[in-house]
Each structure stands twice: as C-alpha cells, then as structure tokens.
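Asker: coordinates only, sequence not included:
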C-alpha cells in the first residue's frame with residue numbers, strides 16, 4: 001500500500017475562479033523521496049497544504065498512511081512532520097526553547113531537541129534567540145522541528161533555500177538518512193539540482209497540473225542526446241569530434257582517435273533535469 005495515494009485531487013480557493021490544482025494523480029511508496037517540482041505559483045505549496053490538512057474542501061480522494069485524509073483527526077499529526085518554506089518560529093525564544101515547546105505538544109515519544117539541533121548544524125546556537133538567526137538558520141530549525149516526533153512521512157518545502165553550501169550538504173545528507181531508515185519524504189522545490197541528487201521520482205507541475213511523473217535518471221536518458229564528444233590533440237593540433245553513442249565500440253574513427261590522439265576530455269551529452277523540465281512543460285522554473 002502506498003504511503004500517499006492521490007487520485008483526481010482538485011482545489012479552488014474561495015477567492016479564485018480557476019482551480020489552483022487540477023486532477024492530480026500520483027502515489028508515493030514507503031521509503032521514497034518524491035520530488036514535487038515546478039516554478040513559483042505552479043501549485044506546489046497548495047498541494048502540500050492539502051496533504052497536511054491546512055486546506056479543506058477539495059475534490060478527489062487522498063489516502064495517507066492507510067487512511068482517507070478526509071477522516072484524519074489530530075492523531076494524524078503524530079505521524080507526519082512538516083517543514084515550511086517560510087519558517088514560523090517564536091522569535092523571542094531560543095532555538096532550544098522552540099523545539100522544547102513544540103515537543104511538548106506531542107502525545108507520543110519524541111526525539112531530544114539537543115540531538116536534532118546537532119543534526120542540522122545548530123548545536124552551538126541552541127541558546128541563541130531565534131530573532132538573531134539568519135534565514136538559513138531558521139530554515140534548518142524548521143527541518144529539526146519537523147523531525148521532533150520521528151515521523152513516518154515528512155513534508156519538506158524548499159528545505160535548502162537560503163543555505164550556504166555546507167548547510168545545504170548537511171540537509172541533503174539528512175534527507176538521505178531519513179530514506180535509509182524507511183521514512184518517506186515529500187520534497188517540494190524548484191531547485192532541480194537538489195531534486196536530481198535526492199529524488200527517486202519527480203512530478204513536474206505547471207499551472208496546477210502534473211505533466212509527468214518519472215525518475216530523474218529515466219527523464220534525462222529519454223531527453224538527452226545519445227552522443228559522445230571528444231576533445232583531443234592530434235599531431236599538435238587541437239580537435240573536437242562528436243560520435244553517436246550507439247555502436248561506439250565499433251566506430252573506426254573513434255577508436256583511431258583513442259589510439260593516436262592525446263585525449264583531453266570525453267563526455268556523453270546527457271541533459272540536466274532543468275532542461276528536461278523546460279522541454280516537457282514549455283515553462284521555466286521562475
């Protein structure tokens with residue numbers, strides 16, 4: 001049974017005339033990192049808000065952790081964790097006090113706030129007021145808060161926005177660790193590099209509609225050029241040749257250059273996930 005199973009999900013805001021999301025269909029398996037990718041305003045955050053119960057009045061069916069979302073009550077939040085793109089912390093409390101407060105709201109067992117602060121790289125900043133935190137520090141505190149109840153399903157909305165390279169790597173590694181212990185991650189982002197590195201599958205959403213659901217690897221294979229480019233020096237002259245990938249091992253010119261030339265680079269022409277997104281949807285990410 002999928003951890004998340006969505007069929008025909010449609011939602012229109014009271015102030016709107018057209019659906020913000022329309023006829024969404026996808027499922028997420030246990031232990032999967034599922035990327036929900038699209039430009040700003042595509043419907044990513046609306047979908048997350050629907051799945052965590054902040055928005056009601058949708059059409060279609062949604063099953064999460066084996067239960068119909070429409071029937072879920074307060075105990076639902078004992079089993080999920082959420083990190084929002086715009087963190088909503090208590091600024092006049094310290095990082096440690098924030099986690100301690102939210103920890104007290106759970107009925108079940110929770111993780112130690114000090115350990116979570118260490119996990120997100122805030123071990124030395126737990127006694128500082130959150131008002132003194134940078135944007136990236138607040139984002140990391142939000143990720144730590146999402147893990148307080150050791151949830152089975154974690155919703156992460158742009159978890160690497162505003163982070164320096166070291167912190168980005170720390171959060172990416174933490175997400176991989178969650179997968180390794182069987183947790184399921186719903187990752188909302190427009191950062192294709194993060195999605196490519198982490199996600200088992202991705203859904204492309206534009207204008208409230210899903211265009212494709214597939215693994216990043218398969219998408220890049222399907223849309224990349226099946227060629228190899230060689231840069232080399234031959235008899236003191238630089239050169240660059242492109243060869244078909246199919247039948248490469250029997251290509252006489254390619255094999256001759258390998259033997260006779262000084263090869264500097266040899267690259268297959270795989271595309272990027274961002275390029276695939278543009279080709280599939282016809283839209284950029286911003």
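Answerer: Okay, I see it. Treat the numbers as computed from the prediction; the structure is a model and nothing was measured.

Asker: strand partners of the longest strand seen in the chain, parallel vs antiparallel please.
Answerer: When the chain is parsed with DSSP state E, its longest strand is strand 225-234. In the sheet, strand 225-234 lines up against strand 237-244 (antiparallel), strand 262-269 (antiparallel) (DSSP bridges).

Asker: Quick check on residue 188: phi, psi?
Answerer: phi -100, psi 120 (degrees, to the nearest 10).

Asker: wouldn't it be in contact with residue 42 here?
Answerer: No. With contacts counted by Cβ atoms under 8 Å, residue 188 stays clear of residue 42, the gap being 10.0 Å. C-beta: built from backbone N, CA, C; applies to glycine.

Asker: Go ahead and flag the most central residue of the chain.
Answerer: The C-alpha lying nearest the average C-alpha coordinate of the chain belongs to residue 187 (Cα atoms, centre = their mean; 3.4 Å).

Asker: Within the helices and strands, which one has it?
Answerer: Assigned by DSSP states H and E, residue 187 belongs to strand 184-189.

Asker: Need the residues that contact that strand.
Answerer: The contact list for strand 184-189 (Cβ atoms under 8 Å, 6 or more residues apart in numbering) reads 3-4, 28-37, 44-45, 47-48, 51, 85, 152-160, 175, 178-179, 194-195, 198-199.

Asker: where along this structure do the helices fall?
Answerer: Along the chain, counting by DSSP state H, helices occupy 44-51, 95-103, 113-119, 135-146, 165-180, 192-198, 216-223, 252-260, 273-281.

Asker: wait, what's in contact with the nearest residue to residue 120 once chain neighbours are set aside?
Answerer: Excluding the flanking residues, the one nearest residue 120 by Cβ to Cβ, 6 or more residues apart in numbering is residue 140, at 4.1 Å. Applying Cβ under 8 Å, 6+ apart, we find residue 140 in contact with 120-122, 163, 167, 170-171.

Asker: okay, the helices of the chain in CSV with distance to residue 207 and mean pLDDT next?
Answerer: Converted to CSV, the helices of the chain look like this (distance: least, Cβ to Cβ, whole Å; pLDDT from 0 to 100):
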stretch, distance to residue 207, mean pLDDT
helix 44-51, 12, 94
helix 95-103, 35, 97
helix 113-119, 37, 97
helix 135-146, 27, 95
helix 165-180, 28, 94
helix 192-198, 18, 92
helix 216-223, 20, 90
helix 252-260, 44, 94
helix 273-281, 9, 87
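
Asker: Nearest to residue 206, out of those?
Answerer: Minimum separation from residue 206 across the helices of the chain (Cβ to Cβ) falls at helix 273-281, 4.6 Å.

Asker: buried sites along the closest one?
Answerer: 273-274, 276-278, 280-281 (16 or more other Cβ atoms under 10 Å).

Asker: and that helix, what other elements does it pack with?
Answerer: helix 192-198, strand 201-206, strand 209-214, helix 216-223 (3 or more Cβ pairs under 8 Å, 6 or more residues apart in numbering; DSSP states H and E).

Asker: Give me the distance between the second one and the centre of its chain.
Answerer: Relative to the mean C-alpha coordinate of its chain, strand 201-206 is positioned 10 Å out (Cα atoms, centre = their mean, to the nearest Å).

Asker: Contacts for it next, please.
Answerer: With Cβ under 8 Å, 6+ apart, strand 201-206 has contacts from 21, 24, 26, 32, 34-39, 42-44, 47, 195, 210-216, 219, 273, 277, 280-283.

Asker: Any of those residues buried? List them.
Answerer: Among these, those classed as buried by 16+ other Cβ under 10 Å are 21, 24, 26, 32, 34-39, 42-44, 47, 195, 210-211, 213, 216, 219, 273, 277, 280-281.

Asker: What strands line up against the strand holding residue 187, and which way round?
Answerer: Applying DSSP bridges, one finds strand 184-189 paired with strand 33-37 (parallel), strand 153-157 (parallel).

Asker: what bits of the chain have low per-residue confidence?
Answerer: Within the chain, the ranges that satisfy pLDDT under 70 run 284-286.

Asker: just the helices and strands packed on helix 273-281: most buried one?
Answerer: When the helices and strands packed on helix 273-281 are scored by mean count of other Cβ atoms under 10 Å, the highest mean neighbour count falls to strand 201-206 (a mean of 23).

Asker: Run the angle between that one and strand 184-189 for me.
Answerer: On the basis of axes from the mean of the first three to the mean of the last three Cα atoms, to 10 degrees, strand 201-206 is oriented at 40 degrees to strand 184-189.

Asker: I'm done for today, thanks for sticking with me.
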